[in-house]
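Undergrad: need the 3D shape of this:
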Amino acid sequence: MGLLDDVRTQAAATANSARFVTIDASAIDAYAQSLPLAQASAARLDPATHYAGEPEATQAYVMTLDAINFGSGYFPHLKKRSGMSGYFTVASSLRDYFEIHGPPTVDDLQRLTIWDCARIFGQTLEGQAVAELMGLFARALNDLGKFLEVCHEGSFRQMVEAADQSAERLAEDLTQMPFYRDVGFYKRAQLTAADLSLARVGEFNDLARLTIFADNLVPHVLRMDGVLRYDASLLERIDREELIPAESPEEQEIRACALHAVELLRQHVEPVNSMQLDYILWNRGQARAYKARPRHRTRTVFY
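TA: As a prediction, the model looks like this:
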């Protein structure tokens, strides 16, 4: 039993005992057949908003981005680039930094401050929510620099090579950093391996072992498409944009039920795997119809 077995087992247990979220098992087969599975083979990082340079520089970009790939509960307050979501604002801002300055060294990462992060990501620190997020970004990047220095001789390339082509091993390695210890999900630890693969700068022979990257968008898509059903009181809280506390039963059930639902979907569409289904569902969630309806927001460093 490895890390990802534990994730699947815990998600199934939570889904089976959930009080606020349920999976409509009767909808699984038809929904699986309706998905645009051909998109799975075209999966890649959007080159318009992500950095692509020499392989090691691209590795550095991907791992730096995924170190701060959280904040969805803060994004309504983020100053966004024109036409971009919070995530794409962060990704494209970091891309611009890499294009101007090149990859940061481990010393650079460990010296970054809240003010540096505000400048890199085009923010001010006047609002409490954004100031808090920029402080968390600084801590995450400081941790990454220290982790690289202590465990991988300051090298992004060595971090990738140390995984020995195992996405699960890379995820386990990353959990040495506090902001990756997303027990029961390990969203960003898993996502890092997937993104390295999509960027063509990391080869892993066990990508099919990955689960979805449980956040607040894929559950929202599954709910709107009728696969997940939320308790009426929970749905009312989400619709009035009330924050759902991190690690509360409701928040854990939303993520776990989405993860388990995709595991059930996967059984109907193999060899398409959970990572590929996440790509399909996450991109579906960029459509206007999904963005027009509030999804759950939680202030956390895990997504």
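
Undergrad: and the top helix by length along the chain, what does it pack against?
TA: With secondary structure taken from DSSP state H, the chain has its longest helix at helix 128-151. If you count contacts as 3 or more C-beta pairs under 8 Å, 6 or more residues apart in numbering; DSSP states H and E, helix 128-151 packs onto helix 55-67, helix 106-111, helix 114-120, helix 156-162. In this view, the C-beta of every residue, glycine as well, is placed from N, C-alpha and C.

Undergrad: of all the ones you listed, which lies closest to Gly145?
TA: The closest of these to Gly145 is helix 106-111. By C-beta to C-beta, the value is 2.9 Å.

Undergrad: next one: that closest one to chain centre, how far?
TA: Centre-to-centre, helix 106-111 and its host chain are 23 Å apart (C-alpha atoms, centre = their mean, to the nearest Å).

Undergrad: on that earlier part again, for the helices and strands packed on helix 128-151, give me CSV that also has distance to Glu242 and mean pLDDT.
TA: Output for the helices and strands packed on helix 128-151, formatted as CSV (distance: least, C-beta to C-beta, whole Å; pLDDT from 0 to 100):
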stretch, distance to Glu242, mean pLDDT
helix 55-67, 28, 98
helix 106-111, 35, 98
helix 114-120, 27, 98
helix 156-162, 39, 98
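
Undergrad: would you mind finding the most buried of the ones you listed?
TA: Mean neighbour count (mean count of other C-beta atoms under 10 Å) peaks for helix 55-67 among those, with a mean of 22.

Undergrad: what angle do that one and helix 128-151 make?
TA: 130 degrees (axes from the mean of the first three to the mean of the last three C-alpha atoms, to 10 degrees).

Undergrad: packing partners of helix 55-67?
TA: Partner elements for helix 55-67 (3+ C-beta pairs under 8 Å, 6+ apart): helix 86-101, helix 128-151, helix 156-162, helix 187-198.

Undergrad: and the longest one, which residues are buried?
TA: Of the residues in helix 128-151, those with enough neighbours to count as buried (16 or more other C-beta atoms under 10 Å) are 130-134, 136-145, 147-149.

Undergrad: who touches that helix?
TA: By C-beta atoms under 8 Å, 6 or more residues apart in numbering, the surrounding residues in contact with helix 128-151 are 63-64, 67-68, 70-71, 74, 77-79, 104-110, 112-114, 116-118, 121, 123-125, 154-156, 159, 173, 176-179, 299, 301.

Undergrad: brilliant, that's me finished.
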